[in-house]
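Chemist: Just the structure for this:
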Amino acid sequence: MGVGKIHYEFMDLPLRFHLFSAVVGMDGILKSISSDMQTVTGFDAGDWVGRPFSALMHHDDRNKWAGILNGEEEEMGLFMYRMNSKNGDYKWVESTYAVFKDLKYGEKPHIHLLTKDMTVVKELYDYLVSSEQLSMVGQLAAGIAHEIRNPLTSIKGFLQLMQAGVIDTGHYLDIMQNEIERIEMISSELLFLGRPKASDMKVCCLQTLLDEVLVLMETQSYGKNIQIETVFPSQPIFICCDDSKMKQVFVNLIKNGLEAMEEGGTLTVELSVAGERAAVAIRDEGIGIPPEKLEKIGQPFYTTKERGNGLGLMVCYQIVREHNGDISIESKPGEGTVFTVVLPWAGPDGEQEASGSF
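Modeler: Numbering: from 1, shown residues only. Modelled structure (predicted):
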């Protein structure tokens, strides 16, 4: 999608929001639905009255709806999900809902929904995530190129000495092998981050995911007098996530922490579990953020950097929300900043079903 296409789609947004209304009983059965449903899904609205509303939803997106029916969610709110269409595809929609008694339906509580087609918004958001991801990969590449060049220089030197018969071949072959494996590991992680791929929710070990991110981020700390420390529990912690997007979140947050530490210091990545939530705290010893700026962090185009557009953190917030998690910030000027990412825990063995709102 080019810039011209984005501009056209953005200006055309108000014309693309097709809406329909529906009333659903607390048993999940559709009581009524407006004829505008056909514009969004292609289905005849009358064919769905008396059927479960959840049958219209992608099976991975039904958790929020189940919570509303079971009284586990607020009585008013909104949620985004994929809705089935007559041609077999799924459309992204957003429903605003309210639960209240309705005289028309015997004064029993019902769920009233106003649903709009969000397909074009989701396409633009996906483009933004992809663009930000490529920008991040480009910024990492400079530090990684330096990290790869050093072992390559060493390997070249060893080969020249071997050819001259100056050094013992056996001993230095092991060193060269280790250097080559490190180059391979770094380049593989960079390629993984930069490779376009469809969203794929699966159970992942957080320690492993963070270790793979730190392979890249350690290359950014060299020469800056910054030490990266990890505090991980011995027990594996599992979450359901799109590993590519979640790595993008942690790369952005760790990168921001490193950039804030102009005088060097220690950046700490700490992992913990509290109840049914896993928390990753990224703590830097940088300049900190003033209170008046703290509440604006994560807003589009707001940044505390001299060079930056604020989109990186905005994308982080959105990705974490899509994983049913949240991000909090604590900061004091002159003392540093802590970004904490809290995500649903998938249990001690990762047995929770992989699902999300993608």
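
Chemist: okay, CA-based contacts and neighbour counts for the rest of this
Modeler: OK.

Chemist: mind checking the SS state of Glu72?
Modeler: Put simply, Glu72 is coil when judged by DSSP: H, G, I helix; E, B strand; the rest coil.

Chemist: residue contacts, Met76?
Modeler: Contacts here follow CA atoms under 8 Å, 6 or more residues apart in numbering; on that basis Met76 touches 96-99.

Chemist: Mark which of these are buried, thanks.
Modeler: Neighbour counting by 16 or more other CA atoms under 10 Å classes 97-99 among the contacts of Met76 as buried.

Chemist: Make JSON lines from the residues you listed and add pLDDT, secondary structure and distance to Gly264 to it.
Modeler: Below are the buried ones among the contacts of Met76 laid out as JSON lines (pLDDT from 0 to 100; DSSP: H, G, I helix; E, B strand; the rest coil; distance: CA to CA, whole Å):
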{"residue": "Tyr97", "pLDDT": "91", "secondary structure": "strand", "distance to Gly264": "49"}
{"residue": "Ala98", "pLDDT": "91", "secondary structure": "strand", "distance to Gly264": "51"}
{"residue": "Val99", "pLDDT": "89", "secondary structure": "strand", "distance to Gly264": "53"}
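
Chemist: Among these, which one sits closest to Ser21?
Modeler: Tyr97 (9.8 Å; CA to CA).

Chemist: where's the closest one relative to Ile111, distance?
Modeler: 7 Å (CA to CA, to the nearest Å).

Chemist: Mind listing the shared neighbours of these two?
Modeler: Here Tyr97 and Ile111 have no joint contacts, going by CA under 8 Å, 6+ apart.

Chemist: The stretch 201-350 of the chain: helices as residue ranges?
Modeler: For the stretch 201-350 of the chain, the helices defined by DSSP state H, counting those that start in this stretch cover 206-221, 243-260, 291-294, 311-322.

Chemist: Throw those helices into JSON lines and include mean neighbour count and mean pLDDT, thanks.
Modeler: Listed next are the helices of the stretch 201-350 of the chain as JSON lines, based on neighbours: other CA atoms under 10 Å; pLDDT from 0 to 100:
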{"stretch": "helix 206-221", "mean neighbour count": "19", "mean pLDDT": "84"}
{"stretch": "helix 243-260", "mean neighbour count": "21", "mean pLDDT": "87"}
{"stretch": "helix 291-294", "mean neighbour count": "11", "mean pLDDT": "74"}
{"stretch": "helix 311-322", "mean neighbour count": "20", "mean pLDDT": "78"}
